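Asks: Got a sequence here, can you build the structure:
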Amino acid sequence: MKVELLYFDGCRGYGELREHLPRLLQQLGVAATIEQRRVDSEQEAVRERFPGSPTVRVDGRDVDPNTTYRAGHGLRCRLYATDEGMRRTPPDAWIIRALERPGAQA
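Replies: Numbering: from 1, shown residues only. Just a heads-up that it's a prediction; the model follows:
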């Protein structure tokens, strides 16, 4: 299983998620290494289809179930629209769902 954390420097959500994500994976018993990848330019953001910082992908797919509806990619701090309101990080439930989805490599 490949877990990626894409970011660019300066977004508070990245720092929060960088600390939380390893603990969440450990609690779930998921033995996956988190690959942290800094996105440094607008061109790289477009090439990587980077909707903003932080972005979590499991086996190449964004954990946000609504990400396919987002327009544009670039160097910006990302906000996640959840049932509880806007957040700087994706809810644990989204990450868990992505880890459990069919085709995720255990």
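Asks: can you give me the strands for this structure?
Replies: For the chain, applying DSSP state E gives strands covering 3-7, 34-38, 55-58, 61-62, 80-82, 85-87.
Asks: Please convert those strands to a markdown table, extending it with mean pLDDT, mean neighbour count and distance to Glu100.
Replies: C-betas here are computed from N, CA, C, even on glycine. Written out in a markdown table, the entries for the strands of the chain read as follows (pLDDT from 0 to 100; neighbours: other C-beta atoms under 10 Å; distance: least, C-beta to C-beta, whole Å):
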| stretch | mean pLDDT | mean neighbour count | distance to Glu100 |
| --- | --- | --- | --- |
| strand 3-7 | 97 | 21 | 13 |
| strand 34-38 | 97 | 14 | 17 |
| strand 55-58 | 96 | 22 | 9 |
| strand 61-62 | 94 | 18 | 12 |
| strand 80-82 | 92 | 15 | 19 |
| strand 85-87 | 95 | 10 | 21 |
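Asks: Using a markdown table, lay out the ones you listed together with distance to Trp94.
Replies: Shown next, in a markdown table, are those (distance: least, C-beta to C-beta, whole Å):
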| stretch | distance to Trp94 |
| --- | --- |
| strand 3-7 | 13 |
| strand 34-38 | 16 |
| strand 55-58 | 8 |
| strand 61-62 | 9 |
| strand 80-82 | 8 |
| strand 85-87 | 10 |
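Asks: shaky segments in this structure?
Replies: Applying pLDDT under 70 to the chain flags the ranges 68-71, 103-106.
Asks: This completes my enquiry, with thanks.
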